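[1] the sequence and its predicted three-dimensional model are supplied below.
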Amino acid sequence: MTKEARKHVFVLGYDDAHAPYLRAIPDADEFEFHPLLHSDELVYLESYDIDEKLEDARKVLRESDVDPDAIICHWDFPVVSMLSILCGEYGLPAPTLEASLRCSHKYWSRLSQHEVAPENTPGFCAFDPFDDQALEQISLDFPFWIKPIKGYGSALGFKITSAEGFEKAMKLVREEIDRLGEGIDAILHHVDLPDDVADVRGNYMIAEEFVNGKEFAPEGRRQNGEYRSHGFFDMVRAENGKSFLRYEYPSRTPDSIRERADDIAARVLEHIGFDDGCFNVEFFWDREEDRLWIIEINPRISQSHCDLFWKVDGMSNHEVAVHVALGDEPRFSNGGGQFRRAAKYHYRRYDKSDAVATRVPGEEDLEKLKERQPETKVQVKLEEGMRLSELLDEDVYSYALAELTIGADSVAEMEQKYAEATSLLPFEFEPVDDGDDG
């Protein structure tokens, strides 16, 4: 196909790590992919000036010598909301901003979930963390979870078991939440909020009933009013019960439970009015009560799932995102990859005291691993001399030192490969003196 005949797909938050997967979708020769700002311009930032970022993206589109046929993304905040705004301005298929926010704004989403699936929605309430009587606003018994009303990566998420623990969490929340809250408020100004949401500002938190169980997630699409999932993932917690150890594909959750999750997700997304977009919905399955709980809804494909799909299915989830954004039928199929199973592991340090990295894996270490495991991918998140406290958007119970995606033909082989890989990735630290001004 000539370059002139190709469809022009703009990637909001383009990054070199995912570009090969875009170019490897089965019909990639039909498209020309264009960066629409890069990931380092949009995610994991010290601050978020949403209107400035939107104008930067509009400038790229205005100055391009081609018109966009589609805009896609695979990042969370603020990218997925910006996608809805930009697609709305250009008349391109995408979920409306209201529908996207009714998925990802945790309080608004809980209200919507409760309207159509109350038996699958944990108890919840919103509160202002800057209110000295914040705990009195919470109608739930201990223990409960607290989270920002819009966050990602488990940042500022706490399990609260006592008033003392709540006050300790509030101290950290008050220091850090404005970094996200101001950007969220800027996005909320682009939509008319219902009365029961309008007063819940971007730096608010949500308290949620403590529920637990086997955690899993369908990823899929809703297109032309039709719901379809294309993969299920297990989300395996670390020994601390709070941090994620790995995302595993395909899920080992029983078929009957996955069917029930699909039914719940389909009803909720229809009620929300979510259409022309991709999603993943996280669930807990309480085996003892045989009950499903909705954890959260993400209105996008997951960038964490991309290489896992590739390893098992021989194509990434970008195949679905691209075709949904164009209004076409995706051609995704399962089982054509090199491995039967895959997982994304988070290699963590569970000591939350600050420290300086005196040694991190270098090129020689990564080459040794590549010789042993050619298909394992590693992203080291630290540089030598960097403090652990400089890592952005970590959960409050651990530090993620590296991310590894591993393919295998069994769970046992996958776990063996992970053990071998971490033994070849040296990290060394020195504690930070409490009196060090940094």
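    Structure's in. What do you need? Residues are numbered from 1 along each chain as shown.
[2] show me where the stretch 1-150 of the chain has strands.
    For the stretch 1-150 of the chain, the strands defined by DSSP state E, counting those that start in this stretch cover 7-14, 31-38, 70-72, 124-127, 144-148.
[3] straight-line length of stretch 17-34, end to end?
    This stretch, stretch 17-34, spans 15 Å end to end (CA to CA, to the nearest Å).
[4] care to break the protein down by domain?
    According to automatic domain parsing, the chain comprises the domains 3-100, 123-209, 214-431.
[5] and those domains: which comes nearest residue 110?
    Of all the domains of the chain, domain 123-209 sits nearest to residue 110, with 4.5 Å by CB to CB. (Each C-beta comes from the backbone N, C-alpha and C, glycine too.)
[6] burial measure for the residue lying closest to residue 269 once chain neighbours are set aside, as a count.
    Spatial nearest neighbour of residue 269, excluding adjacent residues (CB to CB, 6 or more residues apart in numbering): residue 222 at 5.2 Å. Each residue near residue 222 was counted by other CB atoms under 10 Å, and the total is 24.
[7] for residue 115, which of the domains of the chain is the nearest?
    domain 214-431 (6.4 Å).
[8] for residue 297, see how far away residue 274 is.
    Residue 274 sits at a distance of 8 Å from residue 297 (criterion: CB to CB, to the nearest Å).
[9] what sits in contact with each of the two?
    Common neighbours of residue 274 and residue 297, using CB atoms under 8 Å, 6 or more residues apart in numbering, are residue 103.
[10] give me the low-pLDDT residue ranges for this protein?
    Scanning the chain for pLDDT under 70 picks out 1-4, 153, 434-438.
[11] show me what the longest helix belonging to it packs onto, helices and strands only.
    What stands out as the longest helix in the chain, according to DSSP state H, is helix 255-272. Applying 3 or more CB pairs under 8 Å, 6 or more residues apart in numbering; DSSP states H and E, we find helix 255-272 packed against helix 97-104, helix 106-116, strand 214-223, strand 226-237, strand 277-286, strand 291-298.
[12] tell me the buried residues in that helix?
    257, 258, 260, 261, 262, 264, 265, 266, 268, 269, 272 (16 or more other CB atoms under 10 Å).
[13] could you dump the residues you listed to CSV with distance to residue 109?
    Shown next, in CSV, are those (distance: CB to CB, whole Å):
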residue, distance to residue 109
257, 22
258, 21
260, 19
261, 16
262, 18
264, 13
265, 12
266, 16
268, 9
269, 11
272, 8
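[14] tell me what residue 406 is bridged to.
    Counting by DSSP bridges, residue 406 is bridged to residue 343.
[15] that one: neighbour count?
    Residue 406 has 28 nearby residues by other CB under 10 Å.
[16] residue 394 should be in a helix, yeah?
    No. The assignment for residue 394 is coil, going by DSSP: H, G, I helix; E, B strand; the rest coil, so no helix is present there.
[17] leaving out the residues flanking it, which one is nearest to it?
    Leaving out its chain neighbours, the residue that sits closest to residue 394 by CB to CB, 6+ apart is residue 400, at 6.3 Å.
[18] the one you found touches residue 380, doesn't it?
    No. In this structure, residue 400 is not within contact of residue 380 by CB atoms under 8 Å, at 10.3 Å.
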